[in-house]
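Asks: what's the 3D shape of this:
(one chain, ligands or ions: 2)
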Amino acid sequence: MKQSYITDSLEQHLFFARIMKEHAFFLKVGILPTNASLVREGERFLRQFEVQLARTIPMCHCVVRNRVLESGEVVTEFTDCAERQTHRLTGTFINLELTARTHQLEGRGCNDTLTVSPAMMRQVQQLNRDGLTLVEGIINYKERLLSSVGAGGLFIANYPLLIEHILREARLYRMHLMRLEGMEECSCQEVRDSELFWNRIMMEHAQFIRGLLDPCEEKLIDTADDYAAEYCRLLNAADAASDRTTCNEKDALTLTREFRDFKHAGTEGIGSCQIRSMILPLLADHVLREANHYIRLLEE
Ligand SMILES: [Fe+2]
Ligand SMILES: [Fe+2]
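Replies: Numbers count the residues shown, from 1 in each chain. Ligands and ions are numbered 1, 2, ... in the order given. Here you go, the predicted model:
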């Protein structure tokens with residue numbers, strides 16, 4: 001119980017704190033200087049999640065599972081380069097040290113036991129509580145941006161659906177932290193919902209990719225459209241099925257592995273300027289990591 005609380009908490013932060021800092025980054029760089037206070041707020045969340053991640057990393061050493069570190073959900077072979085390029089392109093500083101330290105992490109095998117000290121329990125509990133406060137803050141920020149955009153009061157170089165999408169991802173992080181702090185076991189319902197959740201996320205990634213590619217990238221646009229349609233079919237099938245137990249599990253895994261390969265090639269192509277688009281290298285790497293995360297969840 002204590003062991004799974006510690007491991008689960010740290011694995012959630014290692015994945016989601018990085019995801020949240022990048023959401024803050026994408027929002028911040030998409031807001032014009034006329035909305036200076038919203039830019040500053042985005043910057044503040046970016047730095048606060050960097051701190052959260054910096055606190056998490058040293059606690060993860062030989063505690064988080066190898067399969068998480070090896071899944072490509074926390075960092076990929078592209079992350080460091082994507083961060084350097086994105087920093088250069090936007091002028092917004094990205095702490096590369098966190099990526100280097102994440103690459104150096106050693107994991108724990110599934111048969112290795114973990115000795116949990118009372119100090120470790122306190123530290124992780126504090127990390128979860130601080131994480132909850134932070135994620136509440138960024139949820140509020142995203143909600144305000146979304147309603148301003150919807151009311152015609154704000155221009156931002158991000159689709160409204162993207163703001164809604166990253167808002168849902170933040171709510172998922174909050175849900176995990178609340179579950180951990182309530183010391184509740186994950187129910188089957190949640191697992192099932194997780195598949196619906198991530199299928200929708202994958203569908204939207206395909207839609208964002210198609211919408212941010214240069215119009216001349218016709219083949220890639222068609223492929224992205226096909227992935228969006230495939231995920232839409234999975235979502236509709238799950239909706240229609242009366243017994244929603246894992247009937248689409250194999251489909252989702254096969255599809256997401258293929259989609260991951262597409263994102264992998266896309267991240268490489270964007271980083272090496274072989275693909276024309278409005279996609280920041282770090283955004284390409286971000287959606288690749290989310291696909292890797294979903295694949296690891298499906299494999300478990
Ligand atoms: Fe995300
Ligand atoms: Fe996403």
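
Asks: Quick one: residues contacting the closest residue to ligand 1 within the stretch 151-300 of the chain.
Replies: Nearest residue of the stretch 151-300 of the chain to ligand 1: residue 169, at 4.7 Å (C-beta to the ion). The C-beta positions use only the backbone N, C-alpha and C, and glycine is treated the same way. Applying C-beta atoms under 8 Å, 6 or more residues apart in numbering to residue 169 gives the contacts 16, 19, 23, 201, 290.

Asks: buried sites along stretch 31-50?
Replies: For stretch 31-50, a neighbour-count test (16 or more other C-beta atoms under 10 Å) marks 31, 35, 38, 39, 41, 42, 43, 45, 46, 48, 49, 50 as buried.

Asks: Same check on stretch 216-234?
Replies: Buried residues in stretch 216-234 (16+ other C-beta under 10 Å): 217, 220, 221, 223, 224, 227, 228, 230, 231, 234.

Asks: can these go into JSON lines with extra columns for secondary structure, distance to ligand 1 and pLDDT?
Replies: Listed next are those as JSON lines, based on DSSP: H, G, I helix; E, B strand; the rest coil; distance: C-beta to the ion, whole Å; pLDDT from 0 to 100:
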{"residue": "217", "secondary structure": "coil", "distance to ligand 1": "22", "pLDDT": "98"}
{"residue": "220", "secondary structure": "helix", "distance to ligand 1": "20", "pLDDT": "98"}
{"residue": "221", "secondary structure": "helix", "distance to ligand 1": "21", "pLDDT": "98"}
{"residue": "223", "secondary structure": "helix", "distance to ligand 1": "21", "pLDDT": "98"}
{"residue": "224", "secondary structure": "helix", "distance to ligand 1": "17", "pLDDT": "98"}
{"residue": "227", "secondary structure": "helix", "distance to ligand 1": "17", "pLDDT": "97"}
{"residue": "228", "secondary structure": "helix", "distance to ligand 1": "17", "pLDDT": "97"}
{"residue": "230", "secondary structure": "helix", "distance to ligand 1": "20", "pLDDT": "96"}
{"residue": "231", "secondary structure": "helix", "distance to ligand 1": "16", "pLDDT": "96"}
{"residue": "234", "secondary structure": "helix", "distance to ligand 1": "20", "pLDDT": "93"}
